[in-house]
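Undergrad: Kindly return the folded structure for what I paste below:
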Amino acid sequence: MSDSVPLRLPSVDRALATDAMRALAAQYGHSALADALRGEFDALRPQALAGTLGAAAIEDSALHAACEQRLQARFAPRLRSVFNLTGTVLHTNLGRALLPDEAVQSVMRALTAPANLEFDLASGGRGDRDGLVEDLLCELTGAQAATVVNNNAAAVLLMLNTLGQGREVIVSRGELVEIGGAFRIPDIMARAGARLVEVGTTNRTHTKDYAQAIGEHTALLMKVHTSNYAVSGFTKSVSESEVAAIAHARSLPLAVDLGSGTLVDMAQWGLPREPTVRDIVNAGADVVSFSGDKLLGGPQAGLIVGRKELIATIKKNPLKRALRVGKLTLAALEPVLRLYLQPEHLAARLTTLRLFTRPQAAMRQQAQALLAPLQTAVGDAYTVEVAGMSSQIGSGALPVDVLPSAGLRLRPAGARQSGRQLARLEEALRGLPRPVIGRVAEQALWLDLRCLEAAEQVVFEAQLPALQRALQARPA
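TA: Numbers count the residues shown, from 1 in each chain. Sure, this is the predicted structure:
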């Protein structure tokens, strides 16, 4: 029989009294450190009660290391910067559009100083926060008035609730879209209190379908731009100008949900053409809603432009206050809109457009420069090669159009357990100080370099030794 006495946990006060623990308290605060220590003691207590607690676990250095690890995990930011190497520029799960420097600086000013969010500097009285961007939106779209809410889904909800509550809204069956997060036009219409009237068929809708559906309970006609899918083959749709003519002949408004609205013709940069907001306004739409963080390249926001009296009515809806944006959104949106006033510089200064228009040759050259360092990092377990790729705009915009791109393709060197090998590589990349997000397809990991600009490449390459260590620590 052993005469050894089971080890007991030290007191919290004694464990906190070391110099190393005092340094942690100075960094994280005494309360947080004490909570971390108690958490470690809770984890060790079953071993102490069972008589299996080892002396090494309660040494000062061990308790310090355990508490430091717990504190680092507790205070680590949950929202982290990542490398988007998926090939999808406007990746919804990775935050969509990246803001240009002008917008970043504007947000910083709004964060650190009071601002005239709802204060009229000319009169000294209360102002309208929409007024900070309304003139810009009107100039860029040709609309009479504008308002801003927190995203385009909110814009559609507010528009329908204001103009169609308790009445009928006519929409083509082929435009009853569903976007990410199970946002469906019929569902949002029901929540807005409007009654949906479907016209036409999935693939073909005619002008007579709209005209015949109008009745005494009709509030408005609506067009929804199908930006997140395409119907091809035996199809027929009715243009905004034609639907506007039908609506106006019966003194009804036409509302258009343009979705990922753009303010400029992207074809001038060799990109697929999308109808601009100005196109839709000129076609006769009375109210148009679109996103701020998609093709426009700004912060998350829902923008509504249109006829002055309709926008005024929308702004009086009590929901508008619930859906309004704060100063940070407006601080980011205003400088982005101002960039559009200088079209000659837009492709260089608007981050989203700059990423869309990166030449494939530049990305291929970048891939060549990274080939050897990345091969060294992943070792003999993988083969790395430069490959042509196809990027996409993303967030439901131009779903069938691709952008010629280039990057690095990584394949497991052996045929056995290739799926597990790829999962291991993905996990190691996600575990880097700045996680790297690629995509797996065709039994390979693809790292599309479209969104890796020169300054970011330096940071990416500096992490490769950490990737090498991570893979060596977790052998296959």
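Undergrad: switch to C-alpha atoms for all contacts and neighbour counts from now on
TA: Will do.
Undergrad: show me the contacts for the one residue sitting closest to the centre of the chain.
TA: The chain has residue 95 as the residue nearest its centroid, 2.4 Å off, counting by CA atoms, centre = their mean. For residue 95, no residue meets the contact criterion (CA atoms under 8 Å, 6 or more residues apart in numbering).
Undergrad: the domain parsing of this structure - what is it?
TA: The chain breaks down into these domains under automatic domain parsing: 12-75, 83-91+356-473, 101-349.
Undergrad: right, so of these, which gets closest to residue 6?
TA: In terms of CA to CA, the element of the domains of the chain nearest to residue 6 is domain 12-75, at 5.0 Å.
Undergrad: Dump the domains of the chain to a markdown table, plus mean pLDDT and mean neighbour count.
TA: Listed next are the domains of the chain as a markdown table, based on pLDDT from 0 to 100; neighbours: other CA atoms under 10 Å:
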| stretch | mean pLDDT | mean neighbour count |
| --- | --- | --- |
| domain 12-75 | 95 | 15 |
| domain 83-91+356-473 | 93 | 18 |
| domain 101-349 | 93 | 19 |
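Undergrad: Show me the contact partners of stretch 138-147.
TA: The contact list for stretch 138-147, computed with CA under 8 Å, 6+ apart, reads 130, 134-135, 137, 263, 277-278, 281-282, 303-308, 311, 315, 340-341.
Undergrad: Identify all contacting residues around the lengthiest helix in the chain.
TA: Using DSSP state H, we find that the single longest helix of the chain is helix 30-50. Contacts with helix 30-50, where a contact means CA under 8 Å, 6+ apart, come from 6-9, 12, 16, 24-25, 53, 63, 66-67, 70-71.
Undergrad: Send over it as CSV, restricted to the C-alpha atoms.
TA: Output of helix 30-50 as CSV, limited to C-alpha atoms (Å, rounded to 0.1, in the frame of the first residue of the first chain):
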residue,chain,number,x,y,z
HIS,A,30,-7.5,40.5,-12.3
SER,A,31,-11.1,39.4,-12.7
ALA,A,32,-10.6,37.7,-16.0
LEU,A,33,-7.4,36.0,-14.8
ALA,A,34,-9.1,34.7,-11.7
ASP,A,35,-11.9,33.3,-13.9
ALA,A,36,-9.4,31.6,-16.1
LEU,A,37,-7.6,30.1,-13.1
ARG,A,38,-10.8,28.8,-11.6
GLY,A,39,-11.7,27.3,-15.0
GLU,A,40,-8.4,25.5,-15.0
PHE,A,41,-8.9,24.3,-11.4
ASP,A,42,-12.4,23.0,-12.4
ALA,A,43,-10.8,21.0,-15.2
LEU,A,44,-8.1,19.6,-12.8
ARG,A,45,-10.4,18.9,-9.8
PRO,A,46,-11.7,15.4,-11.0
GLN,A,47,-8.0,14.3,-11.2
ALA,A,48,-7.3,15.6,-7.7
LEU,A,49,-10.4,13.9,-6.3
ALA,A,50,-9.4,10.6,-8.0
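Undergrad: tell me how far it is from the chain's mean position?
TA: Distance of helix 30-50 from the chain centroid (CA atoms, centre = their mean, to the nearest Å) equals 39 Å.
Undergrad: on that earlier part again, among the contacts of stretch 138-147, which ones are in strands?
TA: Per DSSP state E, strands hold the following members of the contacts of stretch 138-147: 303, 304, 305, 306.
Undergrad: Which single one of these is nearest to residue 401?
TA: Nearest to residue 401 among the ones in strands among the contacts of stretch 138-147 is residue 303, at 24.9 Å by CA to CA.
Undergrad: can you pull the contacts of that closest one?
TA: 146, 147, 148, 149, 151, 152, 155, 289, 290, 291, 292.
Undergrad: Now do the same for the closest residue to it other than its chain neighbours: helix, strand or coil?
TA: Nearest residue to residue 303, sequence neighbours excluded (CA to CA, 6 or more residues apart in numbering): residue 148, at 4.7 Å. Classification of residue 148 by DSSP: H, G, I helix; E, B strand; the rest coil places it in strand.
Undergrad: thought residue 148 was touching residue 130?
TA: Yes. The pair residue 148 and residue 130 passes the contact test of CA atoms under 8 Å, sitting 6.4 Å apart.
Undergrad: packing partners for the helix or strand harbouring residue 419?
TA: Assigned by DSSP states H and E, residue 419 belongs to helix 418-430. Helices and strands touching helix 418-430, as assessed by 3 or more CA pairs under 8 Å, 6 or more residues apart in numbering; DSSP states H and E, comprise strand 403-412, strand 436-437, strand 444-448, helix 464-473.
Undergrad: which strands and helices sit next to the helix or strand just after the third one?
TA: Just to be clear, that refers to strand 444-448. Per DSSP H and E, the first helix or strand lying C-terminal to strand 444-448 is helix 454-462. If contacts are counted by 3+ CA pairs under 8 Å, 6+ apart, helix 454-462 sits against no helix or strand.
Undergrad: And for helix 454-462, what's in contact with it?
TA: For helix 454-462, contacts defined as CA under 8 Å, 6+ apart pick out 83, 370, 373.
Undergrad: looking at the helices and strands packed on helix 418-430, which is closest to residue 111?
TA: Closest to residue 111 of the helices and strands packed on helix 418-430 is strand 436-437 (CA to CA; 28.9 Å).
Undergrad: That closest one - which strands sit beside it in the sheet, and in what orientation?
TA: Using DSSP bridges, the strands paired with strand 436-437 are strand 83-84 (parallel).
Undergrad: and the strand it pairs with, how far out from the chain's middle?
TA: Relative to its parent chain, strand 83-84 has a centroid offset of 12 Å by CA atoms, centre = their mean.
Undergrad: List of residues touching that strand?
TA: So strand 83-84 is in contact with 94, 434, 435, 436, 437, 438, 451, 452, 460, going by CA under 8 Å, 6+ apart.
Undergrad: Pull the residues that contact stretch 429-437.
TA: By CA under 8 Å, 6+ apart, stretch 429-437 touches 80, 81, 82, 83, 84, 85, 86, 426, 447, 463, 466, 467.
Undergrad: now it: how far from the chain's centre is it?
TA: Centroid displacement of stretch 429-437 relative to its chain, using CA atoms, centre = their mean, is 18 Å.
Undergrad: Number the chain from 11, please
TA: Got it, first residue is 11 now, which makes that one stretch 439-447.
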